[in-house]
Structure formats: structure tokens, C-alpha cells
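>>> Sequence and predicted structure are below.
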Amino acid sequence: MNQAKVLNFFGLLLIMFGISFAIPLFVAVFYGESLIKVFGLGMSILVLLGFLSWFFTKDDKQELSLSDGFVITVLFWVVLSVSGSIPFLLFGFSVVDSFFESMSGITTTGATVIAGLDDLPKSLLIYRQLLQWLGGMGLIVLAIAVMPLLGIGGGQLFKTFPSFVYLIPVMMLFGITDTSVLIAVVVYATIPATRYTIEGLRSVPVGLHEAATMSGVNKFQRLTKIEFPLAFPHMMLGLNQTIVFALFMVIIGAFIGTEDLGQYILKALSDKNGAGIGLTLGICVALIGLIFDNLIRTWVGKRKKHLGIA
């Protein structure tokens with residue numbers, strides 16, 4: 001494991017996390033609360049630790065390995081949870097309660113051991129919400145910043161997340177509505193469609209690219225007249241996966257109270273006498289996926305034979 005590179009990454013992470021303390025610090029100053037020293041000291045500690053970690057490892061030029069990526073992924077939440085507990089500790093909470101509050105915020109679970117949340121200072125309440133926001137943003141950071149450095153695409157990373165993770169950000173923005181589920185379905189189902197589209201375009205033989213260029217066609221004509229028609233059967237397989245993913249997310253969306261087929265399945269599963277109904281509805285969902293799978297695969301097979309690429 002490249003310890004210097006990992007320390008360098010977490011040094012930058014602590015610096016950015018420490019700077020984010022400026023938000024609750026500003027709220028504490030605005031309302032004249034006593035937590036000014038708490039957030040000021042917490043910011044100083046994190047920025048100093050982060051700077052030292054970054055400064056003594058900044059000259060390391062080695063690339064991150066796959067094992068380094070796994071270490072970063074695991075420690076990402078641990079480091080943020082431990083460092084995020086500092087304001088709670090300075091405010092007077094116990095070590096266990098402080099770590100629990102921080103971990104709860106970073107993992108966006110919303111659980112708390114604090115009695116009387118409404119009586120807490122406004123700056124501390126803002127800080128608790130900031131932790132939850134940073135926890136959600138952590139998924140994006142890993143997807144678009146860390147994993148590409150390791151040669152792991154964001155789509156591959158998102159496939160490893162539990163499906164309900166996609167509901168968290170849309171619930172925060174749009175509330176518990178059917179719109180939230182619809183947006184989560186679109187985001188979740190877009191991943192296989194995008195991946196199959198890219199792979200389909202990459203599968204077009206290079207020789208055809210060269211022949212098209214020699215024939216005098218421009219890039220747009222080559223894309224629309226040659227690459228897309230040849231890649232379309234492969235792209236349709238992505239539509240197959242998109243439908244399956246969308247059906248799956250619709251079922252998961254029932255957990256936030258939508259009125260659809262997923263809600264009926266959830267009600268049947270929670271009813272001690274609803275096993276038969278739940279099984280029937282589950283079979284219906286499976287049949288929908290199988291029907292589309294069979295239709296699309298049959299069409300793809302015929303289209304490939306017609307294009308001579310079967």
C-alpha cells in the first residue's frame with residue numbers, strides 16, 4: 001500500500017472538511033452563540049492536521065493502486081466520522097455519543113442520541129445537517145474523483161451502492177413524493193444504458209472508421225450513418241438492462257410511500273396473510289422483465305444477422 005499517497009489524499013480531505021466548519025461558525029457568530037470557540041478550534045485542528053499530512057507527502061509521485069482505492073473507500077467514512085465528532089466533544093458530549101452523532105450524519109441515517117434537539121444551538125443544528133450533506137456528497141466524490149484514478153468507472157462504482165442510496169439525495173431535494181422516486185428511477189436506470197451505448201460505439205471496427213474517412217464523410221455523418229446503426233443492437237441490450245433496473249427501483253421506491261406496484265408488494269410482504277399476493281405480484285414483475293428481455297434479445301439477434309455482425 002502506498003501510505004504516503006493515501007495520507008496525502010486524506011490530508012486534503014481534512015483541509016476541505018475543516019474549511020466547511022466556516023458555515024456553522026458563521027451561524028454561531030450571527031446568533032452570538034457560545035460555540036464560536038468550538039467551531040473555531042475544530043476548524044483549526046482539522047486544517048492543521050490536514051496541512052501537515054499533505055505537506056510531508058506532497059512530493060510523492062507514485063500512482064494509486066487498486067488496493068489503495070479500497071483503503072481510501074473504507075477509511076473515507078471512518079476519518080470523516082472521527083474528525084466530525086470533534087465539535088460534539090468540545091460542546092460537552094461523551095466520546096461515544098459524539099462519534100455516534102458524527103457517524104449518523106456522515107452515513108445520512110438521521111439517527112440521534114440527543115434528547116431535545118430543538119433546544120440545541122442553531123449552529124450545532126446546522127452542523128448536523130452539514131454532516132449529512134457531506135456524507136451524501138462523499139458518494140459523488142468517490143465516483144468522480146477517486147475511482148477514475150484507479151481505472152474504475154463511476155458506473156461500476158454506482159452499481160455497488162445499495163439501491164436506496166439513490167433515494168437519499170432526491171428525497172432531500174424534492175421530499176417524499178412520486179417525483180423523487182421517478183428521478184431516482186431515471187438516474188439508476190441510466191447507468192446501464194450509458195455503459196452499453198459507449199461499449200456499442202467502441203465495438204465498431206476501426207477499419208470501418210478508416211474506410212468512412214477515406215470516402216470523404218465528416219465525423220457527424222460517420223457517427224449517424226455508420227457507427228450508430230452498427231452499435232444500435234448493442235445499445236438495445238442496454239435498454240433491456242434499463243427496464244430491469246427501472247422495475248427494481250420502482251419496487252425499492254415503495255419504502256418512501258409511493259402509490260404504485262411496489263407499494264402493493266410492500267403491503268403484501270408486511271401482511272402476515274399476504275404471502276400469496278406478494279408472490280403473485282413478484283412473479284408479475286419478473287414476467288414483465290422476462291417479456292421485454294425476450295423481445296429485445298430476439299430483435300437484436302435478427303438485426304445483427306441483417307448487418308452481418310452476428
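Thanks, I have it.
>>> what's the neighbour count on residue 48?
Using other Cβ atoms under 10 Å, residue 48 has 13 neighbouring residues. Backbone N, C-alpha and C define where each C-beta goes, glycine included.
>>> what's the spatially closest residue to residue 107 that is not a sequence neighbour in contact with, if anything?
Setting aside the residues directly before and after it, residue 107 is nearest to residue 135 in space (Cβ to Cβ, 6 or more residues apart in numbering), at 5.8 Å. Counting by Cβ atoms under 8 Å, 6 or more residues apart in numbering, residue 135 makes contact with 77, 80, 105, 106, 107, 108.
>>> With secondary structure, pLDDT and distance to residue 15 added, can I get those residues in TSV?
Below are these laid out as TSV (DSSP: H, G, I helix; E, B strand; the rest coil; pLDDT from 0 to 100; distance: Cβ to Cβ, whole Å):
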residue	secondary structure	pLDDT	distance to residue 15
77	helix	76	18
80	helix	83	13
105	helix	84	19
106	helix	82	17
107	coil	77	22
108	coil	72	23
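>>> ok, back up a step: helix or strand for the residue nearest to residue 107, just tell me which one.
Applying DSSP states H and E as the criterion places residue 135 in helix 122-141.
>>> for the stretch 1-150 of the chain, which spans come out with low pLDDT?
Of all residues in the stretch 1-150 of the chain, those with pLDDT under 70 make up the ranges 1, 61, 63-70, 73, 137-150.
>>> Would you state the strands of it in chain order?
For the stretch 1-150 of the chain, strands defined by DSSP state E, counting those that start in this stretch do not occur.
>>> Give me the nearest residue to residue 199, chain neighbours excluded.
Leaving out its chain neighbours, the residue that sits closest to residue 199 by Cβ to Cβ, 6+ apart is residue 234, at 6.3 Å.
>>> helix or strand for that neighbour, which one?
Secondary-structure assignment from DSSP H and E places residue 234 in helix 228-252.
>>> Buried ones in that helix, by neighbour count?
By neighbour count with 16 or more other Cβ atoms under 10 Å, helix 228-252 contains the buried residues 230-231, 233-252.
>>> Stretch 300-309 too?
Neighbour-count burial for stretch 300-309, with 16+ other Cβ under 10 Å as criterion, is recorded at 300, 303.
>>> same thing with stretch 198-214?
Buried residues in stretch 198-214, counted by 16+ other Cβ under 10 Å: 198, 200, 204, 212.
>>> Which strands and helices lie in contact with the helix ranked longest in the chain?
Longest helix in the chain, counting residues (DSSP state H): helix 275-307. Here helix 275-307 touches helix 228-252, helix 261-270, going by 3 or more Cβ pairs under 8 Å, 6 or more residues apart in numbering; DSSP states H and E.
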